[in-house]
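**Student:** Below are the sequence and a predicted model; questions follow.
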Amino acid sequence: MAGQRVLVDTGPLVALMNRRDRHHQRFVEYLKFFQGQLVTTWPVLTEVTHHVPVGKGVEIMALVRDGALEVIDLGNAGERVHDLMKKYADRPMDLADASLVWAAEHTGIEQVMTIDSDFAVFRLANGHRLQVLP
């Protein structure tokens, strides 16, 4: 998996920071063998810092600082994010989810680490579905 870039959603990052999370061990084991780059967005990090135990937000930001977690700037993504959230309002698609779909379209990364089953429904502008990992 060397050089592989993978988008990462809120759930796996929360699980990694919380040993009590039911998904914790699964993501710890997956990352033992993962040799690529984890990529996310600021809306995802906002959700993560809201859901992790007190003090763990600093650990997440240390991953960003140290380059273990790359953060994609949304720049002028507002219109596309809006359109995605409107299209998938019945799911509902939140800002973090829409930002990851936009990031996939913007970067060409079509794999996402998530526990969110909605990613099986979401489609990129090219019609592709993101491959859910692990």
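**Tutor:** Nice, thanks for sending it over.

**Student:** Quick check: mean pLDDT of stretch 40-53?
**Tutor:** For stretch 40-53, the mean pLDDT works out to 94.

**Student:** what about that stretch, distance to the chain center?
**Tutor:** Distance, stretch centre to chain centre, for stretch 40-53: 9 Å (C-alpha atoms, centre = their mean, to the nearest Å).

**Student:** Offset the numbering so it begins at 33, please.
**Tutor:** Let's use 33 as the start, then, which means that last one is stretch 72-85.

**Student:** Could you export it as CSV, CA atoms only?
**Tutor:** Taking only C-alpha atoms (Å, rounded to 0.1, in the frame of the first residue of the first chain), the coordinates of stretch 72-85 have been written out as CSV:
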residue,chain,number,x,y,z
THR,A,72,-9.3,14.5,5.3
THR,A,73,-11.0,17.9,5.4
TRP,A,74,-11.5,20.6,8.0
PRO,A,75,-15.2,19.8,8.4
VAL,A,76,-14.3,16.2,9.3
LEU,A,77,-11.7,17.4,11.9
THR,A,78,-14.3,19.7,13.4
GLU,A,79,-16.6,16.7,13.9
VAL,A,80,-13.8,14.6,15.3
THR,A,81,-12.8,17.2,17.9
HIS,A,82,-16.4,17.4,19.0
HIS,A,83,-16.8,13.7,19.5
VAL,A,84,-13.4,12.6,21.0
PRO,A,85,-12.7,12.5,24.8
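
**Student:** Can you tell me what sits against it?
**Tutor:** Surrounding stretch 72-85, the residues in contact under the criterion C-beta atoms under 8 Å, 6 or more residues apart in numbering are 39-42, 45-46, 49-50, 89, 92-93, 96, 101-106, 126-128, 130-132, 134-135. C-beta coordinates here come from the backbone N, C-alpha and C atoms, glycine included.

**Student:** Assumed residue 76 was part of a helix.
**Tutor:** Yes - note on residue 76: a helix contains this position according to DSSP: H, G, I helix; E, B strand; the rest coil.

**Student:** Number of residues surrounding it?
**Tutor:** Under the neighbour criterion other C-beta atoms under 10 Å, residue 76 is assigned a count of 29.

**Student:** quick one: average pLDDT of the helix or strand harbouring residue 57?
**Tutor:** Secondary structure from DSSP states H and E places residue 57 in helix 56-65. The predicted model assigns helix 56-65 a mean pLDDT of 91.
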